[in-house]
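Participant: Fold the stuff below for me.
(chains A, B, C and D)
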Protein chains: 2
Amino acid sequence: MNEPGGPGAAYDKHAYEPFAVTVDLAVLTLRADALHVLLVERGQEPYAGHWALPGGFLLPEESAETAARRELAEETGLADVTGLHLEQLRTYSEPGRDPRMRVVSVAFACLLPGPPDPYGGGDAAEARWVPYDAARGLAFDHDRILADARERVGAKLEYTCLATAFCPPEFTLGELQRVYETVWGTALDRPNFRRKVLATPGFVEPVPGAARLTGGRGKPAALYRAGPARTLHPPLLRPSREGRPA
Amino acid sequence: MNEPGGPGAAYDKHAYEPFAVTVDLAVLTLRADALHVLLVERGQEPYAGHWALPGGFLLPEESAETAARRELAEETGLADVTGLHLEQLRTYSEPGRDPRMRVVSVAFACLLPGPPDPYGGGDAAEARWVPYDAARGLAFDHDRILADARERVGAKLEYTCLATAFCPPEFTLGELQRVYETVWGTALDRPNFRRKVLATPGFVEPVPGAARLTGGRGKPAALYRAGPARTLHPPLLRPSREGRPA
DNA sequence: ACAAAAGTGTTCAGCCTACACCCATGG
DNA sequence: CCATGGGTGTAGGCTGAACACTTTTGT
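Facilitator: You can find the predicted model right below:
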């Protein structure tokens, strides 16, 4: 054990090398049928001029989730970030990941419906949406965090209802399908996708009587809202990953 | 943003209220066909006399994973903890979860083959294996961490090869099936389980010529080793969760 | 001989896939 | 009238659930 204040010892809060605790956010969205991530340009060393995931230090009375939501509001400039899907990824704690001091960072993934407000307001005017494939060479270990975020989101699409987090409050099944296709990078059969989604109780609920013209062309599509279900049973497996092809 | 050392300010490492960073371990194993967890009895306030998950503070040059493995070795007294499956669960950071100071804890789940060495050696002589169902009223928020660990492990059995982490190096398919049945709390059909496991390439590999008598009774079972595969495609879904029953 | 556990075979329903086809709208 | 996207139908292969059955050991 490594318990502070061992037998009979009153420990000193400041006796240890202090750890800084931060949150890092992989904020993902879909713009023009491509996965985008919100990045900020660093203005100071280390990694001055590099792009990085938005994030910041925990305030004394904040949990990591609270801090993440606060940073999210600051970076995106969105008026209302309640209800946005925020998911803890994992914690990165390797010594030396920040050259200045020990920084332990709790990483989150956040999905928001696209296209969102183009750029962050508030005090992060240099925030930009960058296509996922163009987001390389990030500061610190943010390349890895971003890759972990994408992998996690892709995996959770298979067995949760997470996909609706990328969609506006009312959406068409075509839009929902494009979420899967964009994140997975594979095409799906439309009739089968439709049946699968509608057969899962609570995944989506029809909006009575409503229909939306899809970019002008084609038949107007029925609108749906996200339902109360959180998990997909059975899952919607992405095709041909490995192992299945005989 | 909440960047330390803002414009022109040299920050002070000790200027902030320090955060302590700890690891907490949910060490799970199977003893006598029941899920058990390793607990330690606290000798000091807060929660003196309560049971708690083993854990401790990060040393200055340790990552959370390194600290977790060090604690694991200390608490279990096992000579070799390399190769044991250690999985980061999530990080618990609510203010007030430790009444003494801000403690941010990175939780891990660890699976080990049972029955392991009965009690911890080293400096944690009061460590005990406790049946999962009897582990209630733990110190801090450890009830929740333990519940999260069980849920995560149960879910990962579905789509990963994690179950072999509960088994010794060589095991029978019956033992592997009992892992699933114990963690999930459901009975599985033996013939179907067998086919499913053997049909997944890389899940298990037969040990040539070997066989083990299973508790004396019954036909000797063939022995298998864990294979190189890490994921199960398609997954082995636990039955009757919800949604599927028509 | 019986119980217990391993291992094999077979059947059947339901899902998933694939592809053909119709509908509504804008240009 | 054609391109585009939404929506419906259907035949076939495959998986997985259920269960009957055989094999090998200990008592």
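Participant: domains of chain A?
Facilitator: For chain A, the structural domains run A:20-156, A:160-226, going by automatic domain parsing.
Participant: Poorly predicted segments of chain A, please.
Facilitator: Counting by pLDDT under 70, chain A shows low-confidence ranges at A:1-17, A:115-125, A:216, A:240-246.
Participant: Quick check: residue A:192 vs residue B:103, distance?
Facilitator: 49 Å (C-beta to C-beta, to the nearest Å). (Glycine included, C-beta is placed from N, CA and C.)
Participant: Compare those two (neighbour count), which wins?
Facilitator: With neighbours defined as other C-beta atoms under 10 Å in any protein chain shown, residue A:192 and residue B:103 compare such that residue B:103 has more, 21 against 10.
Participant: That one touches residue B:18, doesn't it?
Facilitator: No: Residue B:103 is not in contact with residue B:18 according to C-beta atoms under 8 Å; the separation is 10.5 Å.
Participant: what inclination does whichever helix in chain A runs longest have with respect to helix B:142-159?
Facilitator: Ranked by residue count, the top helix of chain A under DSSP state H comes out as helix A:142-159. Helix A:142-159 and helix B:142-159 are oriented at 70 degrees to each other (axes from the mean of the first three to the mean of the last three C-alpha atoms, to 10 degrees).
Participant: How about whatever residue of chain A ends up closest to DNA strand D, nearest residue that isn't a chain neighbour?
Facilitator: Using C-beta to the nearest atom of the strand, residue A:174 is the residue of chain A that sits closest to DNA strand D, at 2.2 Å. The shortest distance from residue A:174 to any non-neighbouring residue, by C-beta to C-beta, 6 or more residues apart in numbering or on different chains, is to residue A:221 (5.8 Å).
Participant: Distance from the chain centre to stretch A:21-31, please.
Facilitator: Averaged C-alpha coordinates place stretch A:21-31 at 5 Å from its chain's average position (C-alpha atoms, centre = their mean, to the nearest Å).
Participant: Check whether it comes near chain B.
Facilitator: Yes: judged by C-beta under 8 Å from any C-beta of the partner chain, stretch A:21-31 comes into contact with chain B through residue A:21.
Participant: can you pull the buried residues of that stretch?
Facilitator: Neighbour-count burial for stretch A:21-31, counted by 16 or more other C-beta atoms under 10 Å in any protein chain shown, picks out A:21, A:22, A:23, A:24, A:25, A:26, A:27, A:28, A:29, A:30.
Participant: Restricting to C-alpha, output that stretch in PDB.
Facilitator: Output of stretch A:21-31 as PDB, limited to C-alpha atoms (Å, rounded to 0.1, in the frame of the first residue of the first chain):
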ATOM      1  CA  VAL A  21      -5.300  16.800 -13.600                       C
ATOM      2  CA  THR A  22      -6.700  17.900 -16.900                       C
ATOM      3  CA  VAL A  23      -9.400  16.900 -19.300                       C
ATOM      4  CA  ASP A  24      -8.900  16.500 -23.000                       C
ATOM      5  CA  LEU A  25     -11.800  16.400 -25.400                       C
ATOM      6  CA  ALA A  26     -12.200  14.600 -28.700                       C
ATOM      7  CA  VAL A  27     -15.200  16.500 -30.000                       C
ATOM      8  CA  LEU A  28     -16.400  14.800 -33.100                       C
ATOM      9  CA  THR A  29     -19.000  15.700 -35.600                       C
ATOM     10  CA  LEU A  30     -20.000  15.000 -39.200                       C
ATOM     11  CA  ARG A  31     -19.600  17.800 -41.800                       C
END
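Participant: before we move on, the earlier item: the residue nearest to residue A:174: how many residues sit nearby?
Facilitator: Neighbourhood size, residue A:221 [other C-beta under 10 Å]: 16.
Participant: Is residue A:105 within a helix or a strand, and which one?
Facilitator: In this assignment (DSSP states H and E), residue A:105 forms part of strand A:103-112.
Participant: right, is the helix or strand that that strand is followed by up against chain B?
Facilitator: Downstream of strand A:103-112, the next assigned helix or strand under DSSP H and E is strand A:128-131. No: if you take C-beta under 8 Å from any C-beta as the test, strand A:128-131 misses chain B, and the best it gets is 14.6 Å.
Participant: Please identify the buried residues of strand A:128-131?
Facilitator: residue A:129.
Participant: just to revisit the earlier point, output the helix or strand that the longest helix of chain A is followed by as CSV, nothing but the C-alphas.
Facilitator: As assigned by DSSP H and E, the chain's next helix or strand after helix A:142-159 is helix A:173-184. Extracted in CSV, the C-alpha atoms of helix A:173-184 (Å, rounded to 0.1, in the frame of the first residue of the first chain):
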residue,chain,number,x,y,z
LEU,A,173,-33.1,7.2,-41.6
GLY,A,174,-30.8,8.2,-44.5
GLU,A,175,-29.0,10.6,-42.3
LEU,A,176,-28.7,8.0,-39.6
GLN,A,177,-27.3,5.5,-42.1
ARG,A,178,-24.7,8.1,-43.3
VAL,A,179,-23.5,8.3,-39.7
TYR,A,180,-22.7,4.7,-39.7
GLU,A,181,-21.2,4.7,-43.1
THR,A,182,-19.0,7.7,-42.4
VAL,A,183,-17.6,6.5,-39.1
TRP,A,184,-17.1,3.0,-40.3
